[in-house]
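[1] Generate a structure from the sequence data that follows.
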Amino acid sequence: MPILNSDTLEFISRNPEQTQRIGARLGATLTGGDVIALVGPLGAGKTAFAQGVGVGWGATTPLISPTFVLVRRHSRPQDKTYLYHVDLYRTPTAAEIDSVGLDEMLGASDAICLVEWADHAPDVFPDEVLWVTLRYLDEFRRSLTFTASGKRHHALLETLRKEIAGR
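    Numbers count the residues shown, from 1 in each chain. The predicted structure follows:
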């Protein structure tokens, strides 16, 4: 697990279940206002990672790809915070991205935004964001690179680093 610098962490996942477990570790630490931006090609593991985030956060419904509906809202019983799972794969224009209402969700105190294909609209994201870049290495292995921007997301990255590395 290379630590590239204080704002970046790279992890190699050996299978989809491990990718989900890493997502679950992150999901357990999320609070309202957090923004997770997922980047990577088809088959890199974005949805598997997102499913883990949902489990770790405590979503009452499983996260499935929102490719055709663009946004799925998930809740949990213990509070009024929502987890918005957004997919920008089919939203190539600024007008379509505006129609999703992403600007109202990003950074809202009662919302966690988990956005797949975030690289399709990098300019819409706030300064506070955790970028997760997933890369296909081979049939089983994926590289996950976490890059924090902003104080809150840097703290998220440090918590994740301790959870994974135990230090």
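
[2] wait, what's in contact with residue 72?
    Neighbour list for residue 72: 63-64, 66, 84-85 [criterion: Cβ atoms under 8 Å, 6 or more residues apart in numbering]. Bear in mind the C-beta positions are built from the backbone N, C-alpha and C, glycine included.

[3] mind redoing it with 10 Å?
    Counting by Cβ atoms under 10 Å, 6 or more residues apart in numbering, residue 72 touches 50, 54, 59, 61, 63-66, 83-87, 114.

[4] what's the distance between it and residue 48?
    16 Å (Cβ to Cβ, to the nearest Å).

[5] Also residue 130?
    Here residue 130 is placed at a distance of 17 Å from residue 48 (Cβ to Cβ).

[6] for residue 163, same thing?
    18 Å.

[7] low-confidence ranges in the protein?
    1-4, 66-69, 91-95, 97-99, 167 (pLDDT under 70).

[8] quick one, strands of it?
    Counting by DSSP state E, the chain has strands at residues 8-13, 35-39, 71-74, 82-87, 111-116, 129-136, 142-149.

[9] Tell me the strands beside the fifth one, with direction?
    Yep, that's strand 111-116 we're talking about. Applying DSSP bridges to the sheet, strand 111-116 is found paired with strand 35-39 (parallel), strand 82-87 (parallel).

[10] give the contact list for the closest residue to residue 30 other than its chain neighbours.
    Excluding the flanking residues, the one nearest residue 30 by Cβ to Cβ, 6 or more residues apart in numbering is residue 112, at 4.9 Å. Going by Cβ under 10 Å, 6+ apart, residue 112 touches 27, 30-36, 53, 57, 59, 74, 81-85, 105.

[11] With distance to residue 19 added, can I get the strands paired with strand 111-116 in JSON lines?
    Listed next are these as JSON lines, based on distance: least, Cβ to Cβ, whole Å:
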{"stretch": "strand 35-39", "distance to residue 19": "11"}
{"stretch": "strand 82-87", "distance to residue 19": "16"}
